[in-house]
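Asker: Predicted model follows, preceded by the sequence.
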Protein chains: 2
Amino acid sequence: MRFKVKRIKLSTGWPHIAILERSDATALGLHPVDRVKLSNNRKSEIAILDVSSSSDLVKKGEIGVFDELSKAIGDVPWVKLSHMPKPASLEFIKKKMEGYQLTRLELLEIVKDITLRNISDVELTYFVSACAINMLTDEEIIWLTEAMIATGEQLSFRRGIVVDKHCIGGIPGNRTTMLITPIIAANGLLMPKTSSRSVTSPAGTADTMEVLCEISIPVHRLKSIVKKVGGCVAWGGEVKLAPADDQIINIEHPLSIDSEGQMLASVIAKKASVGSKHLLIDIPYGPEAKCRTHNAAKKLGEKFLWLGEKFGMNTHVAITDGSQPIGNGIGPALEAIDVMKVLENHPEAPLDLKAKVCYLAGIILEMVGKAQEGQGFELARATIESGRALEKMNQILDAQGRKIWHFSEIKLGKLRHTVRAKQKGEVSSVSVQAVSEIAKAAGAPLDNGAGVYLYKHVGDTVKRNDILFCIYAVSKGKLDLAVQELKKHKVIGY
Amino acid sequence: MRFKVKRIKLSTGWPHIAILERSDATALGLHPVDRVKLSNNRKSEIAILDVSSSSDLVKKGEIGVFDELSKAIGDVPWVKLSHMPKPASLEFIKKKMEGYQLTRLELLEIVKDITLRNISDVELTYFVSACAINMLTDEEIIWLTEAMIATGEQLSFRRGIVVDKHCIGGIPGNRTTMLITPIIAANGLLMPKTSSRSVTSPAGTADTMEVLCEISIPVHRLKSIVKKVGGCVAWGGEVKLAPADDQIINIEHPLSIDSEGQMLASVIAKKASVGSKHLLIDIPYGPEAKCRTHNAAKKLGEKFLWLGEKFGMNTHVAITDGSQPIGNGIGPALEAIDVMKVLENHPEAPLDLKAKVCYLAGIILEMVGKAQEGQGFELARATIESGRALEKMNQILDAQGRKIWHFSEIKLGKLRHTVRAKQKGEVSSVSVQAVSEIAKAAGAPLDNGAGVYLYKHVGDTVKRNDILFCIYAVSKGKLDLAVQELKKHKVIGY
């Protein structure tokens, strides 16, 4: 049967949802959550059906399509509808919930259906949940990685050495990628970096880079940018390398879920998809970090080494200090300012961030032979201090689509709440979790000008009435939430 | 800030969803999945926010509300909006995912938020999934039961003995409730039965009863019906006894999830909420039943006895034969016809269904002393054969709101596919799972005229070309799906 396409200007997040008017659905024997195929002369798409309770939104003879599906079917006036059986993936998801190991083909089928937006939010949640609770076996991790690579686009460069880095996250302010990329590219290597938006933190690299330039870059543009300037920092969701991963991250967000097997698979899949041959993994550890102890970080590092090597990458793991936030700013705009200050050799540049970046970039430079052993740190530092890293960053920003010319143009939330010291002392701790929760309550990362700016770090001396930190928000409601959150924590110990 | 209410005629399933136009959301610092409070002079409701990508659906200054939220806020032209923090329930759900036991208060908080429609589909899925995979401890089962009772309405009767029964399900055609209720009520007891719609089967009792009469009965009407005629069979979702359960069932549907702790809690909560003092639990077992062995059925029975007694109910467990479907019809309309044929002592009445009903009703009659030990079965049979059960059923149908006057008016799917014997033999098996899957593929229970009608049962002799069974569907697409499903199974062995 033919239906007139009615476009409903509303996003569903990611699944393909179509709506029929009740009497049309009844006539066809169709019900909510049934799968339907929409086809026209050119192509077809599978969608999950919803049924409208009245004819206000979707009239008899019409099929309502939400944004995602609307884009996918293209600019057609009508479609034919047919029934589809439930995807086999649902049985496989249930099998994983029941604790059985999935096969290579079953995982490929699930990942395909995720990529084709052929399973609903609820169904995907069961998959994410089963993988988080029952965990993935080593074989499943390899097969999931393969499936994520196979269902996405892939990059390759005829000339040059491709390197990449990844941090497992969890430490607010740890915005090293935006500094390492220009350092590495300035030294003649290729770094086609794709980053996620935040899952559990107040800012992801993609959120922070977005303050400075465009980050939604299709794969062919990303390739030409890297060929031209040597590096880029793009949002992985648009690049469509291992795209299933982005949909999984969406579903993980509401409960801040982070499961090891899924994380390993998605990191290695993204890196393999850009054709990287050298990979550095940064694993911070600390009492409130994702890895609580050096030993836990070491174990996770071994998993990365194992999986990276399986996919043909020269992999190196750096276990770093995650006992306090890195840099001063927490939140996209505040972190972008920190990054630019380091590149400009500005007197307010956070030196802890600069030191960590030189350490990590140094390892990469040594891994590929650009620096002698023990000389990587110095080469990285020289690249910053000579202004070569800033020059490269400017080339990257121009190539991606610059939004601002200087960090002084970056807008911060206008509503502020300043916390001052009640007595003098020496700072003994800055809570990673407290800073993170307060910045999130204030609206980061979605309000990019929101967050926390730290004036004190561990070891600093504090006088009575000194500013300890400042909260930024864009609305009174969010600032109030952040101040409420503040009361639950001890942010700075002194 | 004040917003004009724009009602969007679309159901969300159950959560309360509100939509703002993007620039309004940005101005307020609000983002998708944020919680907002909508309030007017009279009342307030919490909703989960979505943001519209254009102004077609929801304009600047408007707040779009979907059906469920629209009903809840009532007929008001405008609402004020304010931020709400994320509910604490989300942390408790995550705790359960991580394998920890929840406290009584944490479970109460989660169940409250489910009842208030204050958590999203995805968030509820994590809860259901964590309970299914990590299982509930005995204490958690008790606390979940308490929480479900506390968040719903409760019934009590000043006079009369209240009895109830429950079957764990899984056997197609096993429509005993609709026969036991009139038998019990005809013998002077009270049976305020609330039933679910199907979760994993081709028909639930609510789906089947709906073929004959109204089943959406608010709690005060249910009470007056039972006071007047002694019994009723209503849909639990409308009665709002332990309403959290219905939302959980919705989420379980796409993957046909059925987890023991949640099932125990929801059954006992419903029974305690109607004030039942005597409870019979029917646990069928068989190679394709929910309980595979007699031993598994016994173990589950012990759990029901334990939890029933904890909530002050005289509980009895009947372990019954679940090796083949019960009755002839599978699917709401076909099962309703079977039920009415038994009550009318019709020559085509399925005798296996009648025998099982007399056995179960007999136990209840003995439990409360209406029959001497060993005499219950005969009393139940006499209640049917004298016509007293039919008379009582007619009173119940009239009281609930009758839809048909005789089973011959019930409409079956017009599209049929008949399967005949290829050789002669004796029927050795009828597959519970095959019949169930085929009836579901044909459209049951949502297409109530769809399903399977069995002409042969275990032990019957078969001649070549005899009809074995017939598939009913309301559309060509669904009939095709059922015929495809048919190919995967051995339905009848002979």
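Answerer: That came through fine. Numbers count the residues shown, from 1 in each chain, chains lettered A, B, ... in the order given.
Asker: and residue A:140, how far is that from residue A:128?
Answerer: 14 Å (CB to CB, to the nearest Å). Just so you know, the C-beta spots here come from the backbone N, C-alpha and C atoms, and that holds for glycine as well.
Asker: neighbour-wise, which of these two wins?
Answerer: Between residue A:140 and residue A:128, residue A:128 has the larger neighbour count (other CB atoms under 10 Å in any protein chain shown), namely 25 against 22.
Asker: Please identify which helix or strand holds the more buried one.
Answerer: Per DSSP states H and E: residue A:128 is located in helix A:121-134.
Asker: just the angle between that helix and helix B:121-134, please?
Answerer: Put simply, helix A:121-134 runs at 40 degrees to helix B:121-134, going by axes from the mean of the first three to the mean of the last three CA atoms, to 10 degrees.
Asker: CA atoms only: put helix A:121-134 into CSV for me.
Answerer: Extracted as CSV, the C-alpha positions of helix A:121-134 are listed here (Å, rounded to 0.1, in the frame of the first residue of the first chain):
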residue,chain,number,x,y,z
ASP,A,121,16.0,2.4,22.2
VAL,A,122,14.6,-0.2,24.6
GLU,A,123,16.0,-3.1,22.7
LEU,A,124,19.4,-1.5,22.4
THR,A,125,19.4,-0.8,26.2
TYR,A,126,19.0,-4.5,26.8
PHE,A,127,22.1,-5.1,24.7
VAL,A,128,24.1,-2.5,26.4
SER,A,129,22.9,-3.6,29.8
ALA,A,130,23.7,-7.3,29.1
CYS,A,131,27.2,-6.5,27.9
ALA,A,132,27.7,-4.3,31.0
ILE,A,133,26.4,-6.8,33.6
ASN,A,134,27.4,-10.2,32.0
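Asker: Which helix or strand lies directly C-terminal to it?
Answerer: Past helix A:121-134, the next helix or strand by DSSP H and E is helix A:138-150.
Asker: and that following helix, how far out from the chain's middle?
Answerer: 19 Å (CA atoms, centre = their mean, to the nearest Å).
Asker: that older thread, mind listing residues that contact the helix holding residue A:128?
Answerer: Applying CB atoms under 8 Å, 6 or more residues apart in numbering or on different chains, the contact partners of helix A:121-134 are A:13, A:15, A:89-90, A:93-94, A:96-97, A:99, A:110, A:114, A:119, A:247-248, A:251-252, A:257, A:259, A:261-262, B:97, B:99, B:121-122, B:125-126, B:129-130, B:133-134, B:251, B:254-255, B:257.
Asker: OK, contacts around the most centrally placed residue in chain A?
Answerer: For chain A, residue A:196 is the residue whose C-alpha lies nearest the centre (CA atoms, centre = their mean; 1.7 Å). Listed by CB under 8 Å, 6+ apart, the contact set of residue A:196 reads A:204-206, A:235-237, A:246, A:249.
Asker: Now the two most distant members of these.
Answerer: A:205 and A:246 (14.2 Å; CB to CB).
Asker: between the two, which one's more packed in?
Answerer: residue A:205 (30 against 22).
Asker: Next, find the distance separating the more buried one from chain B.
Answerer: For residue A:205, the distance to chain B (CB to the nearest CB, to the nearest Å) stands at 19 Å.
Asker: Need phi/psi at that residue.
Answerer: phi -60, psi -40 (degrees, to the nearest 10).
Asker: Check the gap between residue A:235 and residue A:305 for me.
Answerer: 27 Å.
Asker: What of residue A:94?
Answerer: Taken as CB to CB, the span from residue A:94 to residue A:305 is 33 Å.
Asker: List, one by one, the residues from the stretch 1-150 of chain A near chain B.
Answerer: A:8-11, A:13, A:19, A:27-29, A:31-33, A:50-54, A:56-57, A:67, A:82-83, A:85, A:90, A:93-94, A:97, A:99, A:120-123, A:125-126, A:129-130, A:132-134 (CB under 8 Å from any CB of the partner chain).
Asker: Buried only: go through these for me.
Answerer: The neighbour count (16 or more other CB atoms under 10 Å in any protein chain shown) marks A:8, A:10-11, A:13, A:19, A:28-29, A:31, A:33, A:50-52, A:57, A:67, A:83, A:90, A:93-94, A:97, A:120-123, A:125-126, A:129-130, A:132-134 as buried among those.
Asker: tell me the SS of residue A:318?
Answerer: strand (DSSP: H, G, I helix; E, B strand; the rest coil).
Asker: And it, how far from chain B?
Answerer: From residue A:318 to chain B the distance is 28 Å (CB to the nearest CB).
Asker: Now do the contacts for the spatially closest residue to that residue that is not a sequence neighbour.
Answerer: Spatial nearest neighbour of residue A:318, excluding adjacent residues (CB to CB, 6 or more residues apart in numbering or on different chains): residue A:282 at 5.2 Å. Residues near residue A:282 by CB under 8 Å, 6+ apart: A:165-168, A:176, A:318, A:320, A:360.
Asker: List just the nearest of those residues to chain B.
Answerer: Nearest to chain B among the contacts of residue A:282: residue A:168, at 18.1 Å, using CB to the nearest CB.
Asker: Next, the buried residues of stretch A:219-233.
Answerer: So stretch A:219-233, judged by 16+ other CB under 10 Å, has buried residues A:219, A:221-223, A:225-226, A:229-233.
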